[in-house]
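Q: Quick one, structure for this:
(one chain, ligands or ions: 1)
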Amino acid sequence: MIIPFNIESGGFRETILSALKEHESLASNSGPISIDLGAEASGYSGKVRVAIQSAADEGFSVVSGWSGKDPTRFPARIRAAATSIKDIGHEGEYFIHHDDGVIKIQKVSGKPNPVIFGEVPGVKSGDTFPDRQAMHDANVHRGIVQGIAAEGSAIVLNEGYVDDEDNGDIIIYTGQGGQDSKNVQVADQELRAGNKFLARNYAEGIPVRVSRGPKLKSPYAPKKGYQYGGLYRIDHYWSDIGVHGFAIYRYRLIRIASQESVPVPAAGDSPARPLPQGNQTPDRVTTTTQRVVRSTRIGKAIKKLYDYTCQVCGTRLEIHSGAYAECCHIKPLGKPHNGPDVMENVLCLCPNCHVLFDHHVITLEDDLSIPQRGTKLNVAATHKLDLGHIRYHRDRVQAS
Ligand SMILES: [Zn+2]
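A: Numbering: from 1, shown residues only. Alright, predicted model coming up:
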């Protein structure tokens, strides 16, 4: 049965939504999130499994736990929770449990929703969208509430932060949190949730999609609707005291070169829903940015496999956004080497060892020993390395 999402906001939905905004673990399968709705919220107790397919749908479906025939009789608190999950851009199946005024939400184990980093196929800089829902549906910015999309893959500049600055190619963006419902900063921001993901993207060089909304005070803001402005890299981030006197996180974003210039909306332009562009003749820009996306996936896997520990020297770095390591390609990517972006061709290294390896100060023998160090590369049992790539790297040294 399909239960319609809440149309009206406020009440339980507002309480649940603001609690969910503070949680970064909802998309993963880490433990349940508990939200106290207050003493007056008695009523239906039980656990319902719901499936949220798309924010574009009219409602969510009940998988199990409720067998009523009349959707209007569906428990209001669970309905509010399902609507809030949709509002922050999550999809999939969730257990929603209500007991004595406390809502517990847990994602049902399974494949998490894939988050797209970098370019979205078929979407180009300058494309316009009538509203947040349309941007969500086009995968430009998942979620219709948050300024920072899942895992920091995208941001929207719109109303919200008086500290934001938009100079087109360079943006100073304010992190999230600490605001009341009138967008006044009333508390310090913390390096968590979206703020922490943006810091991670800075550390790992992951690009961020930037869109602009109609309430942004900038010559690059659209008059109506939203406009996608291209890929930016995070150049720097720091904490600062905002104009309201509270600590905020600020991010300096620089537009990645080799894209068309920042779109300037025409006066009185009325954005229409864009037609899918397809990708029949991918240009150089597409190739470059999609390579970043691919290497991100392999890079994540290799770092996870070694828990961010350097395979050469055993160093494990911790920075504020989490552990930090680099993905090193044994046979380099790109011309003239054209090494593949696969697990057999990558190492998890600390930045020092990465530089030393790239500059051939350290090399690998066939038995994976490191002659310059008198040690051996640490290799996980499941990590198969390609001897051809190792020889390519080593022999290039001997030839030079
Ligand atoms: Zn190292």
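
Q: list the contacts for the nearest residue in space to residue 200 that is not next to it in sequence?
A: Distance criterion CB to CB, 6 or more residues apart in numbering; nearest residue to residue 200, sequence neighbours excluded, is residue 321 at 4.2 Å. Every residue, glycine included, has its C-beta placed from N, CA and C. Residue 321 is in contact with 191, 196, 197, 199, 200, 202, 203, counting by CB atoms under 8 Å, 6 or more residues apart in numbering.

Q: What backbone torsions are found at residue 321?
A: phi -90, psi 0 (degrees, to the nearest 10).

Q: Could you report the distance from it to residue 198?
A: 8 Å (CB to CB, to the nearest Å).

Q: And for residue 98?
A: From residue 98 to residue 198 the distance is 33 Å (CB to CB).

Q: Phi and psi next, for residue 173.
A: phi -110, psi 140.

Q: what are the bridge partners for it, then?
A: residue 251 (DSSP bridges).

Q: Am I right that it is in contact with residue 156?
A: No: look at residue 173 against residue 156 with CB atoms under 8 Å: they stay out of range, at 9.8 Å.

Q: show me where the chain has helices.
A: Along the chain, counting by DSSP state H, helices occupy 12-21, 76-87, 132-137, 193-204, 284-305, 351-358, 387-399.

Q: Indicate which one of the ones you listed is closest to the ion.
A: Ranking the helices of the chain by proximity to the ion (CB to the ion) places helix 351-358 first, at 3.1 Å.

Q: Give me the buried positions along the closest one.
A: 353, 354, 356, 357 (16 or more other CB atoms under 10 Å).

Q: what does stretch 363-379 give?
A: 363, 364, 370, 377, 378.

Q: separation between the spatially most central residue of the chain and the ion?
A: Central residue check for the chain by CA atoms, centre = their mean: the C-alpha nearest the mean position is that of residue 151, 2.2 Å away. Distance of residue 151 to the ion, given as CB to the ion, to the nearest Å: 26 Å.

Q: And residue 314, by the same measure?
A: Taking CB to the ion, one finds residue 314 at 7 Å from the ion.

Q: mind listing what that residue touches?
A: Contacts of residue 314 (CB under 8 Å, 6+ apart): residue 378.

Q: again, 6 Å this time
A: Residue 314 makes no contacts at all, as judged by CB atoms under 6 Å, 6 or more residues apart in numbering.

Q: And it, what's its pLDDT?
A: Residue 314 is assigned 96 on the pLDDT scale.

Q: what do you get for residue 325?
A: Reading off the model, residue 325 has pLDDT 93.

Q: I'd guessed it sits against residue 307; true?
A: No: counting by CB atoms under 6 Å, residue 325 does not reach residue 307; the two are 8.7 Å apart.

Q: Do stretch 373-385 and the ion come into contact?
A: No: for stretch 373-385, no contact with the ion is found by CB under 5 Å from the ion; the gap never falls below 10.0 Å.

Q: What are the contacting residues of that stretch?
A: For stretch 373-385, contacts defined as CB under 6 Å, 6+ apart pick out 305, 311, 344, 368, 369.

Q: what about the first one, neighbour count?
A: Spelled out, that is residue 305. The local packing of residue 305 (other CB atoms under 10 Å) involves 16 other residues.

Q: What of the second one?
A: Burial of residue 311 is recorded as 25 neighbouring residues (other CB under 10 Å).

Q: residues touching it, list them.
A: Contacts of residue 311 by CB under 6 Å, 6+ apart are 347, 348, 377, 378.
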